[in-house]
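# any chance you could fold what I've pasted below:
(one chain, ligands or ions: 1)
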Amino acid sequence: MCGIVGYVGHQAALPVVVEALRRMEYRGYDSSGVAVLDGAGATRVEKKEGKLANLEAALDAAGRGSFAGTTGIGHTRWATHGRPSDRNAHPHVSGEVAIVHNGIIENFAPLRHELEAAGVDLVSDTDSEVAAHLLARAMDDGPTAGDFVASCRAVLNRLEGAFTLVFSHADHPDTLVAARRSTPLVLGVGEDEMFLGSDVAAFIDHTRDAVELGQDTVVVMRADGYEITDFAGEPAEGRPFRIDWDLEAAEKGGYDFFMLKEIAEQPDAVADTLLGHFHDGRIVLDEQRISDQELRDVDKVFIVACGSAYHSGLVAKYAIEHWTRLPCEVEIASEFRYRDPVLDRSTLVVAISQSGETADTLEAVRHAKSQKARVLAVCNTNGSQIPRESDAVLYTHAGPEIGVASTKAYLAQITANYLVGLALAQARGTKYPDEVASEFRQLEKMPELIQRVVDSLEPVRAIARELADSKSVLFLGRHVGYPTALEGALKLKELAYMHAEGFPAGELKHGPIALIEDGLPVFVVMPPIEGRGVLHSKLVSNIQEIKARGARTIVIAEEGDDVVRPLSDYFIPIPTSTTLLQPLLATIPYQAFAAEVAAARGYDVDKPRNLAKSVTVE
Ligand code: M6R
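Numbers count the residues shown, from 1 in each chain. Next comes the predicted model:
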């Protein structure tokens, strides 16, 4: 999730682009860069690893006045392919061409080989750079030579994956060409000036007139106008709209809190995490420094993590054991190394962390490595410490998560953990290739179902407002519904400062049932109809037990679950999925519930008291 900006107009481009990058920094801050076209056939580029402040210092050192020109592009990076560095920062340049990119070019590997075979020297580790070289070559030679717009389209038609791209060419300084497939891009329409941004916050200071670009569209923009087509060059429509947000609202996409925006981004977080991980019928990880033979030799899996990441590991245990027939233990990272776990060369330790900096998880990784275990990191932050010290990495592509409470990163972790499970099953041969493919296809269907849940949260918020004064709330589930219950309780504790507990529903009768009193809200996640057999009927009994003692039941269940509906004081329907994938849906109402209770109580949803986004102390 990088931030992209562009400007063509009558003002000096550099200050406009840098200001826009400041507004886009929430989308990524691994590096940033600008390119300004001087109008006389040259492009001046500056890019720097780290926060925008580093780029600004470099611009100062170079002399901002030397970046003359009224056309420019800019980028703030959330690293995916290639670690954060000056070299991997955008814009990427090839001859007269400069490009910025957000997304993942899934077929970059064959394109890279093709370019290398043709003698092109690629200088970065990114997937993005291929687009710059392809464009430079299309401009030099072949059917579109010399035609900037046609060459851009020719390149776009060769790319697979999800991308927003902005192309510039020093010999065409009055024109920018941009395109989008799946990742966002908005056009800002000013007086004799045009803007591009990943969202409207990029140009809200300059114009309130914007155009939303449709899927698979190309926009050619000049100071005095723009033209939208599809990738084939046929006319296409954008959706013009007027921005009525203030700047703060614009940065939060119109939501009151980043967390709410991040809840809404979950379909993309899951879809992006899956992108590029299934090639030629095989699951592929990002940085695999563990050989297939070593994966085959694994005889035990430990998952180590903290907080929500730990809950995502608990969910993964069900899939990993089921698919690989390997024993899988899930440990709270801060406990792991102090109890002398049995580890050796055949142990695979999966360390899950959004930030990649959590001290407890990092120390667990170091302990595992000191015992010769293999460590695979599942992480949202490219270049952070945990992936750096691990033997293999699978990145989640949730983009920066600003709300302290984990939402989109959590769903992305569950998704990535499933990919780890499938990669293991594939290496060990415990699943046939067609079974692996079929599980992956199931995962691919999830973003659409997640979107349906995200779109139907209003009744959950109404329940939250009604229950906002409760003293305590319980969460119950069985199988993968149990970690989902733990996650629901954690969200409520951290955001609403409310007593909340998650239990395996069957454990209730062994003690916690004593907590049930008249009116106590109890959430229950019902297994999908697929699992109706034993799990479903046992949960129905559990609900009857708590209802008999006066609890108010709030039940999350499949739309068609008419057995449980009459037992529910509040019924929250979710779409049908497989049992293993249900946490990707059932968790979302819990996130929305906790955020709404916190807001109703007047708390800062994004910055709960006593907490930090990255916990870098043990
Ligand atoms: O960055 P990490 O994933 O390693 O962070 C782990 C926990 O600190 C984190 O999940 C925390 O529990 C969240 N605030 C939960 O919403």
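
# for the ligand, what's the nearest residue on the chain?
The nearest approach of the chain to the ligand comes at Gly307, 1.8 Å away (CB to the nearest ligand atom). C-beta coordinates here come from the backbone N, C-alpha and C atoms, glycine included.

# could you double-check that that residue sits in contact with Lys491?
No - if you go by CB atoms under 8 Å, Gly307 and Lys491 don't touch, sitting 10.4 Å apart.

# with neighbour numbers in mind, choose between those two.
Using other CB atoms under 10 Å as the criterion, Gly307 and Lys491 rank with Lys491 on top: 27 against 22.

# residues of this structure that sit close to the ligand?
306-309, 353-355, 358, 361, 404-406, 490, 494, 614-615 (CB under 6 Å from any ligand atom).

# give me the lowest-pLDDT entry from the residues you listed.
Minimum pLDDT for the residues of the chain next to the ligand is recorded at Ser614 (70).

# name the nearest residue to it, ignoring sequence neighbours.
Ranked by CB to CB, 6 or more residues apart in numbering and with sequence neighbours excluded, the top spatial neighbour of Ser614 is Ser355, at 4.1 Å.

# contacts for the helix or strand of the chain with the lowest mean pLDDT, please.
Ranked by mean pLDDT, DSSP states H and E, the helix or strand of the chain with the weakest confidence is strand 287-288, at a mean of 70. Residues from elsewhere that reach strand 287-288, judged by CB atoms under 8 Å, 6 or more residues apart in numbering: 387, 392-393.

# swap the cut-off to 10 Å and go again
81, 83, 294-295, 376-377, 382, 387, 390-395, 423 (CB atoms under 10 Å, 6 or more residues apart in numbering).

# what is the distance between it and the centre of its chain?
19 Å (CA atoms, centre = their mean, to the nearest Å).

# given that strand, what are its sheet partners and their directions?
Strand 287-288 has the following sheet partners, assigned by DSSP bridges: strand 392-395 (antiparallel).

# any idea which helix or strand comes after the strand it pairs with?
Going down the chain from strand 392-395, the next helix or strand is helix 408-428, by DSSP states H and E.

# buried ones in stretch 382-395?
Using 16 or more other CB atoms under 10 Å as the test for burial, stretch 382-395 gives 382-387, 389-395.

# equivalent analysis for stretch 590-608, please.
In stretch 590-608, counting by 16+ other CB under 10 Å, buried: 590-600, 603, 605-608.

# now do stretch 123-134
124, 126-134.

# from the chain's centre, how far out does that stretch sit?
22 Å.

# do me a favour and get the end-to-end distance for it?
Length of stretch 123-134, first residue to last, CA to CA, to the nearest Å: 14 Å.

# do the same with stretch 260-275
Termini of stretch 260-275 sit 24 Å apart (CA to CA).

# show me the buried residues of stretch 123-134 that map onto strands.
Using DSSP state E, no member of those falls within strands.

# so how far is the helix or strand hosting Ala319 from its chain's centroid?
Assigned by DSSP H and E, Ala319 belongs to helix 307-324. Here helix 307-324 is found 19 Å from its chain centre; the criterion is CA atoms, centre = their mean.

# same thing with stretch 111-128?
27 Å.

# what's the answer for stretch 175-187, then?
20 Å.

# end-to-end on it?
Using CA to CA, one end of stretch 175-187 lies 14 Å from the other.

# got it, and stretch 548-556?
Stretch 548-556 stretches 19 Å from its first residue to its last (CA to CA).

# can you give me the pLDDT of Arg532?
pLDDT for Arg532: 61.

# same thing with Thr616?
Thr616 is given a pLDDT of 69.

# what does Lys252 give?
Per the predicted model, pLDDT is 85 at Lys252.

# immediately after the helix holding Ala319, which helix or strand?
strand 328-332.

# quick one, that next one and helix 408-428 angle?
150 degrees (axes from the mean of the first three to the mean of the last three CA atoms, to 10 degrees).

# buried ones in strand 328-332, by neighbour count?
Buried, per 16+ other CB under 10 Å, within strand 328-332: 328-331.

# and the helices in the stretch 251-400 of the chain?
Per DSSP state H, counting those that start in this stretch, the stretch 251-400 of the chain carries helices over the ranges 258-264, 266-274, 292-297, 307-324, 333-336, 359-370, 385-389.

# mean confidence score for the first one?
Pointing back at helix 258-264 there. Rounded mean pLDDT across helix 258-264 is 96.

# circling back: now do the buried residues in the helix holding Ala319.
Buried residues in helix 307-324 (16+ other CB under 10 Å): 307-320, 323-324.

# again, but for stretch 53-73
Quick answer for stretch 53-73 (16+ other CB under 10 Å): 54-56, 58-59, 64, 67-73.

# among those, which two are most distant?
Asn54 and Thr70 (25.2 Å; CB to CB).

# what residues of the strand or helix carrying Pro459 count as buried?
Using DSSP H and E, Pro459 sits within helix 458-467. By neighbour count on 16+ other CB under 10 Å, the buried set for helix 458-467 is 460-461, 463-464, 467.

# same check on stretch 352-371?
With burial defined by 16+ other CB under 10 Å, the residues of stretch 352-371 counted as buried are 352-365, 367-369, 371.

# and the most centrally placed residue in the chain, what does it touch?
For the chain, Ala398 is the residue whose C-alpha lies nearest the centre (CA atoms, centre = their mean; 1.1 Å). By CB under 10 Å, 6+ apart, the residues touching Ala398 are 1, 78, 262, 265-266, 268-270, 272-273, 354, 380-381, 406-413, 415-416.

# wait, Tyr255 touches Ile402, no?
No - assessed by CB atoms under 10 Å, Tyr255 is found out of contact with Ile402, at 11.3 Å.

# now do the shared contacts for these two.
Listed as contacting both Tyr255 and Ile402 by CB under 10 Å, 6+ apart are 261-262.

# shouldn't Ser537 be within a helix?
Yes - assignment of Ser537 by DSSP: H, G, I helix; E, B strand; the rest coil places it within a helix.

# and it, what does it touch?
Val563.

# quick one on the thing from earlier: now render the buried residues of strand 328-332 as JSON lines, adding pLDDT.
Conversion of the buried residues of strand 328-332 to JSON lines gives the following (pLDDT from 0 to 100):
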{"residue": "Cys328", "pLDDT": "97"}
{"residue": "Glu329", "pLDDT": "97"}
{"residue": "Val330", "pLDDT": "98"}
{"residue": "Glu331", "pLDDT": "96"}
